[in-house]
Structure formats: C-alpha cells, structure tokens
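Peer 1: Below are the sequence and a predicted model; questions follow.
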Amino acid sequence: MKRGTRREVERRLLRAPKSEQRDAAFRKAIRQIPRGKVATYGQVAAAAGYPLYHRHVAAMLRRSGGTLPWQRVVGSGGQIKLKYEAGLEQRTRLELEGVRFIGKRVDMAEHQHRFRVWEFD
DNA sequence: ATCCTGACCCAAG
DNA sequence: GCTTGGGCCAGGA
C-alpha cells in the first residue's frame, strides 16, 4: 500500500466525509490491539474519540474486509457477537493467538487490551 | 422527513 | 444464567 506523506494524509482526511474520519480512527485504534489481546466495541469507539459509537465500529468492521485484526474486537464482557460460523471462526482465531475463554466469554481479566490515554490526533 | 436496521450496551426482572 | 425494553447513532430505502 502506498504510504503518502503526513501532509497528504492530513489533506485527504480534511476533504473526507466525517464517517471516513471516524472509520479511520476506529481502524487506527483496532490496529493497536496486540496479538493475544482484545478490546470491546465500546472501548474501541471511545479510544478512537467517539464514545457512543460502538455500533458504528461494528458496521465498519462488517464492511472492511481482511485488512484488520477484526477478531480482537468483542462485545462487552468478552462476548463474541458474530453468529454461527463466523462466531466460531473468531473464537478459533483468538484461541490461536493464545486467548483463553471462560465459557462463552473471553477471559477479559487476562486478555483485555488497555488503550493508552494519550493517543488522540 | 420517516421508518427500519444493526458483529452494541446496560439495567431490570 | 436467561429475556426485555430502552437508549444510542448513522445509513439506506
């Protein structure tokens, strides 16, 4: 993927619709979740600077194909929100990263990612 | 403008 | 553990 100078990126963002900026912020937050850790939709939204936009994180994830570690985003309490096969795949992917489950939920005490507070933009 | 929908969330019962 | 109802917000029809 082409990088672009910081200036170009900034200019593109200014021109972009608000929803694009939001999604970019979501993606940025999600990319910061390391292997073996997870964050909730709400935490991603808040970390990105958009509290109350948890549903939109899900919407963005749904559209965005493959480019993100989507399996690391779960529902509150560590619940997997995807249904059927997709849900199983997410669980499998997480377990492959070493994430342990307690029943149907991710062991959040052990695997929840804490976003650093100083990463605004 | 209205109505519906969603990989959500939370408090109740 | 459930199930329900309400709140939340933007996008699409």
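Peer 2: All right, it came through fine.
Peer 1: which residue sits closest to the most centrally placed residue in chain A, ignoring its sequence neighbours?
Peer 2: Among the residues of chain A, A:Ile30 comes closest to the average C-alpha position under C-alpha atoms, centre = their mean, at 3.3 Å. Using C-beta to C-beta, 6 or more residues apart in numbering and skipping the chain neighbours, the partner closest in space to A:Ile30 is A:Leu68 (5.3 Å). Using the backbone N, CA and C atoms, a C-beta is placed for each residue, glycine as well.
Peer 1: a helix runs through that neighbour, doesn't it?
Peer 2: No - going by DSSP: H, G, I helix; E, B strand; the rest coil, the assignment for A:Leu68 is coil, not a helix.
Peer 1: quick one: A:Ala58 and A:Leu82 touch, right?
Peer 2: No - using C-beta atoms under 8 Å, A:Ala58 makes no contact with A:Leu82, being 9.5 Å away.
Peer 1: Report the secondary structure element holding the residue of chain A at minimum distance from DNA strand C.
Peer 2: With C-beta to the nearest atom of the strand, the shortest gap between chain A and DNA strand C falls at A:Ser19, namely 2.7 Å. Under the criterion of DSSP states H and E, A:Ser19 resides in helix A:18-31.
Peer 1: Can you mark which positions in the helix or strand hosting A:Ala109 are buried?
Peer 2: Assigned by DSSP H and E, A:Ala109 belongs to helix A:108-111. Of the residues in helix A:108-111, A:Met108, A:His111 count as buried by neighbour count, 16 or more other C-beta atoms under 10 Å.
Peer 1: Go ahead and name everything in contact with it.
Peer 2: Helix A:108-111 has contacts (C-beta atoms under 8 Å, 6 or more residues apart in numbering) with A:Gly36, A:Lys37, A:Val38, A:Gly77, A:Gly78, A:Val99, A:Arg100.
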